[in-house]
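> only geometry, no sequence info:
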């Protein structure tokens, strides 16, 4: 059975499965869900704990032997299995299948995995985890989900603030949920319950946002000029290589060119998305962008990217970071911008 993270507290109150599997890309939320499950197991009388951390030298027989040797007279046991790589391998896959087919008596098992790709989610070992117990996928929060998440966290400590301040908090902590959690806790330590003003929050919260090049590309597609500029400055401050940024933006532009050209030739957007392997929420972002930006502007943008590539390699003059800013502004503002213009970041 598969449930959402927000369903876990209510699920534990109603019934306890013998096996829980957590997997995903957000360490803080995985840690909190695991703590909730461990606390529940302890409350249910599973007082002893066995921890198995799977690495490349892990002996899967040790897991099977330890759990098979549980005595009928031993205490109820919580079995904590962590697979940091997310890939148990051939031997591990067979061991997981054997373990699930004969779960040890009087035991409560938690298996923790990182993000598991679609291919491995179809593997037999993963399917048997889902069919034997309760599977909980935990994904990173999208940017638009962050203000609401912060608001709920503030409410837990009986604090609240306005929409503008929530957006500020989201901007300051985007991509770094652990830091967001720490900043929220700091507000509880420094201020009483009730309403928090923007000035109170601003005086406390540090700029701990972490960005990646894919967020930059998404900001460009979404025509979010302020966010594109902020992320680019952040990437520059973090020392991300300009060539990595350029390669990501150029690849995105090429993808838009292919889709835009396909639309102009009468192909359906659904088919073009399937060919380009664009799925889920990303379809909405790309669809809006490709309808907004002309093929001529996209082609010119690719030419600008070639100029920036020569700048990075030292065979053309110019400010690389300024040019990367202008490349994004071409599409966020949807107006022709020369890479020779002086627009410092």
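Received the coordinates, thanks. Note that the structure is predicted; figures quoted are calculated from it, not measured.

> going forward, measure contacts and count neighbours with C-alpha atoms only.
OK.

> Tell me the spacing between residue 33 and residue 9.
The spacing between residue 33 and residue 9, counted by CA to CA, to the nearest Å, is 9 Å.

> Between these two, which is the more surrounded one?
residue 33 (19 against 13; other CA atoms under 10 Å).

> Contacts only, for the more buried one.
5, 8, 22 (CA atoms under 8 Å, 6 or more residues apart in numbering).

> Just the buried residues of those residues.
The neighbour-count test (16 or more other CA atoms under 10 Å) marks 5, 22 as buried among these.

> Please produce TSV containing the contacts of residue 33, extended by pLDDT and secondary structure.
Listed next are these as TSV, based on pLDDT from 0 to 100; DSSP: H, G, I helix; E, B strand; the rest coil:
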residue	pLDDT	secondary structure
5	91	helix
8	93	helix
22	97	strand
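
> Dump the contacts of residue 33 to TSV, plus distance to residue 42.
Formatted as TSV, the contacts of residue 33 follow (distance: CA to CA, whole Å):
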residue	distance to residue 42
5	20
8	16
22	18
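
> And the contacts of residue 33, which is closest to residue 217?
residue 5 (28.4 Å; CA to CA).

> how about that closest one, what does it touch?
33, 136-138.

> Buried by neighbour count, from these: which ones?
33, 136-138.

> Please narrow those to those residing in strands.
136-138 (DSSP state E).

> Pull up the gap between the nearest residue to residue 42 once chain neighbours are set aside and residue 203, please.
Distances taken as CA to CA, 6 or more residues apart in numbering place residue 78 nearest to residue 42, at 8.0 Å, with adjacent residues excluded. Distance of residue 78 to residue 203, computed by CA to CA: 44 Å.

> Compare neighbour counts for the two and give me the winner.
When residue 78 and residue 203 are compared for neighbours, residue 78 comes out ahead with 22 against 8, by other CA under 10 Å.

> Now do the same for the more buried one: its pLDDT.
In this prediction, residue 78 carries a pLDDT score of 91.

> Need the residues that contact the helix or strand in which residue 168 is found.
Residue 168 is part of helix 163-173, with elements assigned from DSSP states H and E. Contacting residues not belonging to helix 163-173 are listed as 143, 146-148, 150-151, 179-180, 197-198, 201, 205-210 [CA under 8 Å, 6+ apart].

> in it, what counts as buried?
Buried residues in helix 163-173, counted by 16+ other CA under 10 Å: 165-166, 168-173.

> Please tabulate those in JSON lines, including the columns pLDDT and distance to residue 256.
What follows is these, written out as JSON lines (pLDDT from 0 to 100; distance: CA to CA, whole Å):
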{"residue": "165", "pLDDT": "94", "distance to residue 256": "35"}
{"residue": "166", "pLDDT": "95", "distance to residue 256": "33"}
{"residue": "168", "pLDDT": "92", "distance to residue 256": "31"}
{"residue": "169", "pLDDT": "92", "distance to residue 256": "32"}
{"residue": "170", "pLDDT": "91", "distance to residue 256": "29"}
{"residue": "171", "pLDDT": "89", "distance to residue 256": "27"}
{"residue": "172", "pLDDT": "88", "distance to residue 256": "30"}
{"residue": "173", "pLDDT": "88", "distance to residue 256": "30"}
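
> Rebuild these as CSV, extending it with distance to residue 54.
As requested, these are exported to CSV (distance: CA to CA, whole Å):
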residue, distance to residue 54
165, 43
166, 40
168, 40
169, 37
170, 35
171, 36
172, 35
173, 32
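
> Go through the residues you listed and name the one nearest residue 83.
Closest approach to residue 83 among these (CA to CA): residue 173, at 28.1 Å.

> What residues does residue 209 make contact with?
Here residue 209 is in contact with 171-176, 234 (CA under 8 Å, 6+ apart).

> Revised request: answer the last question for residue 259.
269, 272-273, 290.

> And these, which is closest to residue 297?
Within the contacts of residue 259, the smallest distance to residue 297 is 10.8 Å, found for residue 290 (CA to CA).

> what about the closest one, distance to residue 128?
41 Å.

> Between those two, tell me which one has more neighbours.
Taking other CA under 10 Å, residue 290 and residue 128 do not tie; residue 290 has more neighbours (22 against 17).

> Any idea how many residues pack against residue 34?
Neighbours of residue 34 under the rule other CA under 10 Å: 19.

> do the same with residue 13
9.

> now what about whichever strand or helix holds it, what contacts it?
Residue 13 is part of helix 8-14, with elements assigned from DSSP H and E. For helix 8-14, contacts defined as CA under 8 Å, 6+ apart pick out 33, 36-37, 40.

> which of the residues you listed count as buried?
By neighbour count, with 16+ other CA under 10 Å, those hold 33, 37, 40 as buried.

> okay, the residues you listed in CSV with pLDDT and distance to residue 227 next?
Shown next, in CSV, are the buried ones among the contacts of helix 8-14 (pLDDT from 0 to 100; distance: CA to CA, whole Å):
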residue, pLDDT, distance to residue 227
33, 95, 31
37, 94, 37
40, 92, 41
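
> So which of the residues you listed sit within helices?
Among those, the ones falling in helices (DSSP state H) are 33, 37, 40.
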